[in-house]
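Chemist: pasting the sequence and the predicted model now:
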Amino acid sequence: MAKYVMAIDQGTTSTRAMIFDHESNVVAWDQKEHEQIYPQPGWVEHNPMEIWERTQEVVQNALAKAGISGADIAAIGVTNQRETTIVWNKRTGKPYYNAIVWQDTRTAPICAQLQREGYEAMYREKTGLPIATYFSGPKLQWILDNVPGVREDAEKGEALFGNIDTWLIWWLTGGPDGGAHVTDVSNASRTMLMNLRTLDWDDDLLKIHRIPRQMLPQIRPSSDPRLYGKTPKSGLFGAEVPVCGDLGDQQAALVGQAGLDVGMAKNTYGTGCFLLLNTGTNIVPSKSGLLTTVAYQFGDGPCIYALEGSIAITGALVQWLRDNLGLIKTSAEVEDLARTVEDNGGIYFVPFFSGAFAPYWRLDARGVIVGLTRYINKGHLARAVLEATAYQTRDVFDAMYADSGIHLAELRVDGGMVRNELLMQFQADILGVPVVRPVIQETTSLGAAYAAGMAVGFWSGPEQIRQYWKEDKRWLPKMDPETREKLYAGWKKAVERSFGWVEF
């Protein structure tokens with residue numbers, strides 16, 4: 001019997017393959033970055049073929065490091081950077097255009113036009129989402145409208161659309177030779193095209209965007225005992241391995257954090273920050289600027305929903321400090337630089353590089369640094385960079401309470417930035433609740449592995465997932481309430497200064 005499950009975690013900056021044993025331990029892993037392509041201001045692209053090549057490399061390397069073969073893998077789960085959009089030819093597998101990344105803002109005119117035409121309430125009601133450049137639907141419309149030959153091929157059934165999960169599953173299960181064209185409910189809920197209640201593509205929305213239904217993938221459960229497909233014997237794994245788990249990266253992290261009960265929340269600190277609150281089978285409409293989204297669906301079980309606050313720039317701001325300003329040589333150095341000062345010196349850094357995401361949703365916002373004086377040095381700037389992540393999380397945290405009425409007892413955290421002790425303590429201080437880091441911090445990959453493993457009986461179900469979650473460290477709030485609210489009031493003033501910079 002196969003002893004392991006593999007997760008393929010395709011993120012914004014890199015692709016990773018992780019192999020887990022039955023006790024959820026990491027057996028081996030490999031990771032490779034891919035190119036970030038910036039054709040013009042506001043445009044962000046990836047090369048889909050490079051991503052598939054990196055995927056094959058990390059899979060082979062992880063298997064080699066573990067000293068096992070594809071036949072030892074019981075199931076494969078995929079997790080991905082969600083809204084990033086690809087259209088490709090189903091006969092050749094060749095993309096018609098680069099992948100348009102979730103951060104890309106070229107669809108702002110499309111979104112602004114939809115807003116002017118009064119569609120905002122309709123999208124909120126049907127999809128749980130605001131009209132925003134973030135989501136796949138407007139990106140797909142842009143490709144159909146601007147890339148020669150795509151619309152014609154789409155009408156003929158030759159062109160396929162997918163987020164990265166769909167692209168990888170198609171290739172893993174055979175590509176042009178019968179690859180499965182599927183997505184799961186969590187990824188489909190990020191397109192601005194799926195109806196939250198029917199869990200199917202919405203004809204009204206497809207008509208608005210002029211998208212042919214035949215180019216869209218079939219929507220399936222996140223953990224599917226019927227399997228999406230199997231890897232071909234002659235392919236990457238050298239064996240027929242079930243591909244049967246698929247979750248958007250943030251939903252995967254919620255599963256990996258065992259956030260399977262109503263009222264549990266997690267925050268993932270990566271390129272951006274994503275706070276999810278499990279609302280169970282309830283679709284909770286947001287009046288506070290959050291997204292109502294699908295969390296997951298296991299097999300024939302009910303669809304579980306969540307409230308999500310999506311923050312575009314958190315870890316990416318540390319990278320900006322490193323790559324654009326050269327103030328640090330590695331991202332890890334930001335903590336030491338920030339510790340050279342006692343506080344932020346009165347400055348705030350609002351990193352709305354691609355507009356403001358949750359809970360503001362302002363396409364016209366851009367990044368600002370406010371409160372500058374001659375006193376400010378690079379230590380203060382580093383501290384303001386870290387604090388920006390914590391303040392943006394507080395924005396979302398407050399919005400979640402306003403929408404759900406749920407007081408969060410703690411916040412479970414994961415992602416690369418949770419190793420930054422200064423940030424984690426400030427996060428607990430500015431929220432006023434404990435912040436908890438788990439032993440296994442690769443929760444996104446683990447969630448995808450759980451989804452796949454449950455589909456084939458490798459793990460018995462949600463109860464077993466709850467048993468494997470273990471606490472590593474807990475940060476308790478130390479800041480007095482008066483200081484907390486004074487600092488946060490300064491942040492809110494800074495946010496106001498970022499609005500209205502761009503006109504459409």
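Modeler: Ah, there it is. Numbers count the residues shown, from 1 in each chain.
Chemist: isn't A99 up against T85?
Modeler: Yes. Look at A99 against T85 with C-beta atoms under 8 Å: they come within range, at 6.4 Å. Placement of C-beta: from N, CA and C, glycine included.
Chemist: would you list the phi and psi of the closest residue to R91 other than its chain neighbours?
Modeler: Spatial nearest neighbour of R91, chain neighbours left out: P176 (5.8 Å); criterion: C-beta to C-beta, 6 or more residues apart in numbering. Torsion angles at P176 (phi, psi; degrees, to the nearest 10) stand at phi -60, psi -20.
Chemist: show me what contacts P176?
Modeler: Shown in contact with P176 (C-beta atoms under 8 Å, 6 or more residues apart in numbering): K90, R91, T92, G93.
Chemist: can I get those residues in TSV with distance to N187?
Modeler: Formatted as TSV, the contacts of P176 follow (distance: C-beta to C-beta, whole Å):
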residue	distance to N187
K90	19
R91	24
T92	24
G93	20
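Chemist: return the subset of these lying in helices.
Modeler: When DSSP state H is applied, the contacts of P176 are split such that none fall in helices.
Chemist: for ChimeraX, what selects the buried ones among those residues?
Modeler: Here is the ChimeraX command that selects only those of these that count as buried (16 or more other C-beta atoms under 10 Å):
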select :90,93
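Chemist: of the contacts of P176, closest to M192?
Modeler: Nearest to M192 among those, counting by C-beta to C-beta, is K90 at 23.2 Å.
Chemist: isn't the closest one up against K156?
Modeler: No. The criterion here is C-beta under 8 Å, and K90 misses it with K156 at 10.2 Å.
Chemist: shaky segments in the stretch 251-400 of the chain?
Modeler: Within the stretch 251-400 of the chain, no stretch has pLDDT under 70.
Chemist: ok, which stretches of it are helices?
Modeler: All helices of the stretch 251-400 of the chain, identified by DSSP state H, counting those that start in this stretch, fall at 315-323, 333-338, 378-404.
Chemist: and the stretch 101-250 of the chain, by the same measure?
Modeler: 108-116, 120-127, 136-146, 150-155, 164-172, 185-188, 203-209, 249-256.
Chemist: what helices and strands are in contact with the third one?
Modeler: The reference is to helix 136-146. Counting by 3 or more C-beta pairs under 8 Å, 6 or more residues apart in numbering; DSSP states H and E, the packing neighbours recorded for helix 136-146 are strand 85-89, strand 99-100, helix 108-116, helix 150-155, helix 203-209.
Chemist: can we see that at 10 Å?
Modeler: Judged by 3 or more C-beta pairs under 10 Å, 6 or more residues apart in numbering; DSSP states H and E, helix 136-146 is in contact with strand 85-89, strand 99-100, helix 108-116, helix 150-155, strand 159-163, helix 203-209.
Chemist: again, but for the first one
Modeler: Applying 3+ C-beta pairs under 10 Å, 6+ apart, we find helix 108-116 packed against helix 120-127, helix 136-146, helix 203-209.
Chemist: now tabulate these in JSON lines and tack on mean neighbour count.
Modeler: Shown next, in JSON lines, are these (neighbours: other C-beta atoms under 10 Å):
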{"stretch": "helix 120-127", "mean neighbour count": "17"}
{"stretch": "helix 136-146", "mean neighbour count": "22"}
{"stretch": "helix 203-209", "mean neighbour count": "15"}
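Chemist: so where is this structure shaky, pLDDT-wise?
Modeler: In the chain, residues with pLDDT under 70: 1.
Chemist: give me the distance between the most far-flung residue of it relative to its centre and E50.
Modeler: Centroid-distance maximum for the chain: R374 at 38.4 Å, with C-alpha atoms, centre = their mean. Distance, R374 to E50, by C-beta to C-beta, to the nearest Å: 46 Å.
Chemist: and E342, by the same measure?
Modeler: Relative to E50, E342 is positioned 44 Å away (criterion: C-beta to C-beta).
Chemist: of these two, which one has the most company?
Modeler: The neighbour comparison of E342 against E50 (other C-beta atoms under 10 Å) goes to E50, with 16 against 9.
Chemist: contacting residues for that one?
Modeler: T15, K32, H34, E35, I37, N98, A99 (C-beta atoms under 10 Å, 6 or more residues apart in numbering).
Chemist: over to W201?
Modeler: A188, T191, L193, M194, N195, I211, R213, L216, P217, Q218, I219.
Chemist: check V182 too.
Modeler: 162, 165-166, 169-170, 173, 188, 217-220, 224, 227-229, 243, 246.
Chemist: what's the overlap in contacts for K90 and K156?
Modeler: Overlap of the contact sets of K90 and K156 (by C-beta under 10 Å, 6+ apart) consists of M215.
Chemist: about what we covered before: of the contacts of W201, which is the nearest to Y134?
Modeler: Distances from Y134 to these, taken by C-beta to C-beta, are shortest for T191, at 10.7 Å.
Chemist: all set now, cheers.
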